[in-house]
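Q: From the sequence below, what's the structure:
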Amino acid sequence: MKSRTSILGTVTLAALLAACSASQLSNPFDAGKGEVKVKQITTLSPRASVVLDKNCPELVQPYRLTDNFASVAMFSMKEGIKDLPGKLSNLLGKAPAPATGDKLSASTKLAAKQLNWMPMTAEELYAERQHNARTDILARDSKLGRKYYPIADKMLHEILASIDEPYDYRFKLFILKTSNRNALALPGGYLYLDQGLVDSPQHLPKAYFALAHEVAHVLQRHETKEMQSMVVDSFTVKKELIDTLEAAKSNPSVVVDRVKLEKGHFTKHHVDQELQADSCAVRMLSHVYPNRQELAVSINAFEVDLPKMEPSSPTPAPQNDAEALAESVHDIVNSPVMRHPNTRERTENLQAIYREVTSTTTAAK
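A: From the prediction side, this is the model:
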C-alpha cells in the first residue's frame, strides 16, 4: 500500500510540474507572500567553485533564499520523476524495489552546491565561531589599533562606496597582528587585514587591492559556496538534506554544526574564483582611483607580491571523462594551491580588465 501511495504521489508531482510555469511557482515556504522564481538546473559542474563569468560584469551575485532553496528541492523532485518508469515496474512486480530510494544522488549534491541557499544568519554564526577562536586580532582600543583602524576603515568605506548594487552583508573589519601583507575573508562578511598592509603609506596601494579582492570574494559568495559544499557533503540521505535546508532558515545552527571549524579553510580558492575576484577588485578600485595611473599603481603593487608557482613534473593526460573528474577531485581535496592561477594568468587577467575599465572611463569623458 505504501508503495502504491508513493507512486501516486510521484505521478501527482509529475502532473503538478507539467501544469506549472517553468520559471515561477507559488512559494511553498512563505505562505502566499509572493512567488518563487525557480532556476532550472540543467548543467552541473563537479565543483561549486566554478564561476560563470571571470570578467565580473556584476559586483554582487544575486541572492534570494526562497528562490534557491526551491530550485534545489525542485531539482531533487525532478530526479524522482525521471525514475518513474522504474517505479511503475517495481509496483507491478516486474523488477525488485531499490533499497536506496532516498539516497542523496551526486547530481542533487552538485545542484545544492551551485545555488545560494545558505541563510545569512548561518554564515554569520559560522564566521563568529571562527573569529572567536582567533588570538591574533589587534584590539581597536589598543595604541596601535587607534593608529591603524582608522586607515583600514577609510579604505573599506571607499571600496564599499564604489558598489551601486544592493547587498545583504554587514562587513566587519579586523587587523591581524602580523607583519605579513595579506588579507582574508570569511563567510558572513568578516574581513581581515594583516598589520603589515597598513603600517606604512607605501603599502597602502596593495592594501586597497587586497581588501577589494576579499570584498569581491564575499559579494560573489565564493566563501558561501565553499561552506555550502562542506554542508552538502556531510549528507547521504536526500530527505535529511532538504529538511536541514528548510530548518536552517529559522535555526542556522543546524547547518553550522555540520561544518568543522578549520583555520585557514577559506584561504584557498579555485582559479576562476581568484580571477573573478581580481576583476571585481579592479572594477571597484576604478572608482576609488579615478586617475588611471593611481589605479595602475595599486594593481602593480599587488602583482609584484604574487608568489611564483613551483614547477611540477608532467603528468599523463586523462584518457576519459571519468579520469578527468577523478583528477579534478583529487586536486581540490589534496592540492588546494594548484587551484590558484599562476602569476602569468593573473597578470594577463588584471591587464585585460584594467584596459577595459580605463577605456570605458576614457570614452565616458
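
Q: Neighbours of residue 132, how many?
A: Using other Cβ atoms under 10 Å, residue 132 is surrounded by 10 other residues. To be clear about C-beta, it is placed using only N, CA and C from the backbone, and glycine gets the same treatment.

Q: same question, residue 343
A: Counted with other Cβ under 10 Å, residues neighbouring residue 343 total 14.

Q: where does the closest residue to it other than its chain neighbours land in three-state SS?
A: Spatially, and ignoring its direct neighbours in sequence, residue 343 is nearest to residue 306 (4.6 Å; Cβ to Cβ, 6 or more residues apart in numbering). At residue 306 the chain is in coil, as set by DSSP: H, G, I helix; E, B strand; the rest coil.

Q: start the count at 20, not 1, going forward
A: Let's use 20 as the start, then, which means that last one is residue 325.

Q: Does residue 325 touch residue 363 like I think?
A: No - when contacts are counted by Cβ atoms under 8 Å, residue 325 is not listed as touching residue 363 (9.7 Å).

Q: Among those two, which residue is more densely surrounded?
A: Regarding residue 325 and residue 363, a neighbour count based on other Cβ under 10 Å identifies residue 325 as having more, with 15 against 10.

Q: related to what we said a few turns ago, how much space is there between the residue nearest to residue 362 and residue 367?
A: With the distance defined as Cβ to Cβ, to the nearest Å, residue 325 ends up 12 Å from residue 367.

Q: Between the two, which contacts overlap?
A: The contact sets of residue 325 and residue 367 do not overlap (Cβ atoms under 8 Å, 6 or more residues apart in numbering).

Q: before we move on, back to that, contacts only, for the residue nearest to residue 362.
A: With contact taken as Cβ under 8 Å, 6+ apart, residue 325 is in contact with 362, 365-366.

Q: Just the closest of these to residue 139, please.
A: Taking Cβ to Cβ as the measure, residue 139 lies nearest residue 365 of these, at 30.1 Å.

Q: quick check, the closest one in a strand?
A: No - looking at residue 365 with three-state DSSP, it is helix, so not inside a strand.

Q: I'd guessed it sits against residue 291; true?
A: No - using Cβ under 8 Å, residue 365 is not in contact with residue 291; the gap is 11.8 Å.

Q: pLDDT of stretch 78-89, averaged?
A: In this model, stretch 78-89 has a mean pLDDT of 63.

Q: now the strands for this protein?
A: Counting by DSSP state E, the chain has strands at residues 43-45, 54-56, 191-195, 202-205, 209-213.

Q: Redo those strands as CSV? Include mean neighbour count, distance to residue 227 and mean pLDDT.
A: Formatted as CSV, the strands of the chain follow (neighbours: other Cβ atoms under 10 Å; distance: least, Cβ to Cβ, whole Å; pLDDT from 0 to 100):
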stretch, mean neighbour count, distance to residue 227, mean pLDDT
strand 43-45, 14, 42, 35
strand 54-56, 18, 36, 50
strand 191-195, 20, 13, 98
strand 202-205, 22, 10, 93
strand 209-213, 24, 11, 98
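
Q: Minimum distance to residue 246: which of those has it?
A: Between residue 246 and those, the tightest spacing by Cβ to Cβ is seen for strand 202-205, at 9.1 Å.

Q: Name the strands paired with that closest one and say parallel or antiparallel.
A: Its sheet considered, strand 202-205 pairs with strand 209-213 (antiparallel) by DSSP bridges.

Q: now the angle from the partner strand to strand 191-195?
A: With axes from the mean of the first three to the mean of the last three Cα atoms, to 10 degrees applied, the angle from strand 209-213 to strand 191-195 works out at 30 degrees.

Q: Only alpha carbons, please: show strand 209-213 as CSV.
A: Listed next in CSV are the C-alpha coordinates belonging to strand 209-213 (Å, rounded to 0.1, in the frame of the first residue of the first chain):
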residue,chain,number,x,y,z
TYR,A,209,34.2,39.1,8.2
LEU,A,210,37.4,40.7,6.7
TYR,A,211,40.9,40.5,8.0
LEU,A,212,43.9,42.7,7.0
ASP,A,213,47.5,42.0,8.1
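
Q: Just the residues contacting that strand, thanks.
A: Contacts to strand 209-213, defined as Cβ under 8 Å, 6+ apart, come from residues 146, 149-150, 156, 171, 175, 190-195, 197-205, 226, 229-230, 233-234, 237.

Q: At which residues are the helices of the chain located?
A: 21-38, 84-101, 103-110, 125-133, 139-151, 162-180, 223-238, 241-251, 257-267, 272-275, 290-307, 311-322, 340-353, 362-383 (DSSP state H).

Q: quick one: the longest one to helix 223-238, angle?
A: Between the direction of helix 362-383 and that of helix 223-238, the angle (the same axes, to 10 degrees) works out to 90 degrees.

Q: From what I see, residue 184 and residue 79 are in contact.
A: Yes - at 4.2 Å, residue 184 and residue 79 qualify as touching, with contact defined as Cβ under 8 Å.

Q: Those two: which is more packed in?
A: Taking other Cβ under 10 Å, residue 184 and residue 79 do not tie; residue 79 has more neighbours (18 against 10).

Q: Pull the contacting residues for the more buried one.
A: Counting by Cβ under 8 Å, 6+ apart, residue 79 touches 182, 184-186, 238-239.

Q: farthest-separated two in those residues?
A: 185 and 239 (14.7 Å).

Q: More neighbours: which of these two?
A: Under the neighbour definition other Cβ under 10 Å, residue 185 and residue 239 were set side by side, and residue 239 has more, 22 against 7.
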